[in-house]
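1. Need coordinates for the below:
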Amino acid sequence: MAYIWKHPKSRFYYARYLSKDGRRRNASTKTTDRKAAQRIADQFETAATVKRTATQARRVLSRLHAEMTGEVLPSSSVHAFVANWLLEKKGTAKATQVFYENSTSQFLKHLGALADDELTMVSKEHIVTFRNALLARLSAKAANHHIKVVKMLFRAAKRDGFIVDNPAEFVETIREKAADKKRRRPFTVAQIRVLLPFADAEWRSMILCGLYTGQRIGDIARLTWANVDLDKGQVRLVTQKTGAAMLIPMAPALREHIESLPAPDARPELSPLHPRACALLEKTGKSGTLSNQFADILALAGLREKKAHRATTGEGRGGRHDNEQLSFHSLRHTAVTLLKEAGIPQAVVQKLIGHESAQISDMYTSVGEESLTKAAAAFPVL
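-> I've put the predicted structure just below:
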């Protein structure tokens, strides 16, 4: 039974009770009334008993499963299983591995001492409270990304026989409010013309490649001369995010620009089009620093307010921020907008830029190279 005692350095009564793990715990009742303090202490004890009972029930279920099926669930702490799961993910892109490590690290930190307990001890409640804690400091979209990693983790645990029931299966992701969703804001042609003089030669090339291919900043930074076929007027690459193989006909202005770049050495596959950007990306495995550099160029051109980067302010990449600001990704939206304004069919735009859509794929089963070439030629000359 819980009992109360007077702390010598506090005016409040303290409760001493058994916690859910069976250990003695002390907690302030925040009251100076003896009877009220005893009621609060009893409530602490009752709540802890319920949690202990739930933990014991999960252990009993594991034993019953073994008796009924003859299959003994393998033993693993949450920490150990996470470590092994991350090892299995070593074949994924470096940036994806970093994200998995970050998400699981935050989850383990949230679990606290429970992370050293058996995987079967994690309940739906633990995952829900983790989700809610994320939402208190991150956008709904960022919080959902972390929860999806946790869901992947427990699906793997059930698949491999470490748990009978998946506690993450029915944890709902967070519905994004319309006002919180990231609005797509493309550049205008006039804004790009204002921007280019503020960029050095390499960043000017990055901007033109981003606009004329519609690809993401990381894929543009990774381009080598082996990705470029000037004879056929094509750019070939595999996107880092989706693994999609892309064949992009060069817009005439892009071809002219690439032809003006310094010639590659004898091994074009080792010669990046943008050496500094490529080296930075290979060093960090993430495109955040490149995005910050581009934001600085936008600020110099007066197209974006100069602010401290989120890594400096401590908000993190997933923190809530101004969704309407221009960024390098806006060039991707600009490419789509310009093509559609030029009358290029939606399915052709879809194929050229590399967006995924099951509906469009069903409606248009194939898009020919001639249509893609026509699409690329529709870009304006800057």
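
2. how close does residue 13 sit to residue 149?
-> To residue 149, residue 13 is 43 Å away according to CB to CB, to the nearest Å. Yep, even glycine has a C-beta here, placed from its N, CA and C like the rest.

3. Then residue 103?
-> Counting by CB to CB - residue 103 and residue 149 are separated by 4 Å.

4. can you list residues touching both of these two?
-> Counting by CB atoms under 8 Å, 6 or more residues apart in numbering, residue 103 and residue 149 have no common neighbour.

5. between residue 13 and residue 149, which one's more packed in?
-> residue 13 (22 against 19; other CB atoms under 10 Å).

6. Please tell me I have it right and that one contacts residue 35.
-> No. Judged on CB atoms under 8 Å, residue 13 makes no contact with residue 35 at a distance of 10.0 Å.

7. low pLDDT regions in the protein?
-> Along the chain, segments meeting pLDDT under 70 span 1, 19-23, 48-75, 176-184, 308-324, 355-371.

8. which residue is nearest the middle of it?
-> residue 145 (5.2 Å; CA atoms, centre = their mean).

9. As a check, name the ranges of all strands in the stretch 1-150 of the chain.
-> Assigned by DSSP state E, counting those that start in this stretch, the strands in the stretch 1-150 of the chain fall at 3-6, 13-18, 24-28.

10. Between those, which one is closest to residue 372.
-> Closest to residue 372 of those is strand 24-28 (CB to CB; 66.4 Å).

11. just checking, what packs against that closest one?
-> Here strand 24-28 touches strand 13-18, helix 34-69, going by 3 or more CB pairs under 8 Å, 6 or more residues apart in numbering; DSSP states H and E.

12. Please repeat the previous calculation with a cut-off of 6 Å.
-> The contact analysis (3 or more CB pairs under 6 Å, 6 or more residues apart in numbering; DSSP states H and E) places strand 24-28 against strand 13-18.

13. returning to what we had before: winner for burial among the strands of the stretch 1-150 of the chain?
-> strand 13-18 (a mean of 19; mean count of other CB atoms under 10 Å).

14. Given that strand, what are its sheet partners and their directions?
-> Here strand 13-18 has these sheet partners by DSSP bridges: strand 3-6 (antiparallel), strand 24-28 (antiparallel).

15. Take the ones you listed and write them to JSON lines, including distance to residue 352.
-> Converted to JSON lines, these look like this (distance: least, CB to CB, whole Å):
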{"stretch": "strand 3-6", "distance to residue 352": "72"}
{"stretch": "strand 24-28", "distance to residue 352": "62"}
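
16. Compare the ones you listed and give me the one nearest residue 159.
-> Taking CB to CB, strand 24-28 is the member of those nearest to residue 159, at 36.4 Å.

17. Give me the distance from that closest one to the chain's centre.
-> Chain-centre distance of strand 24-28: 39 Å, with CA atoms, centre = their mean, to the nearest Å.

18. Only alpha carbons, please: show that strand as PDB.
-> Once non-C-alpha atoms are left out, strand 24-28 reads as follows in PDB (Å, rounded to 0.1, in the frame of the first residue of the first chain):
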ATOM      1  CA  ARG A  24       9.800   1.900  -5.000                       C
ATOM      2  CA  ARG A  25       9.200   5.400  -6.300                       C
ATOM      3  CA  ASN A  26       8.800   8.800  -4.600                       C
ATOM      4  CA  ALA A  27       6.700  11.600  -6.100                       C
ATOM      5  CA  SER A  28       5.400  14.900  -4.800                       C
END
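
19. For residue 78, give its distance to residue 162.
-> Counting by CB to CB - residue 78 and residue 162 are separated by 10 Å.

20. So which of these two has more stuff around it?
-> Per other CB under 10 Å, whichever of residue 78 and residue 162 has more neighbours is residue 78, with 23 against 17.

21. residue contacts, the more buried one?
-> Listed by CB atoms under 6 Å, 6 or more residues apart in numbering, the contact partners of residue 78 are 115, 119.

22. repeat for residue 254
-> residue 212.

23. Just say helix, strand or coil for it.
-> Classification of residue 254 using DSSP: H, G, I helix; E, B strand; the rest coil returns helix.

24. Same question for residue 205.
-> Under three-state DSSP, residue 205 falls in the helix class.
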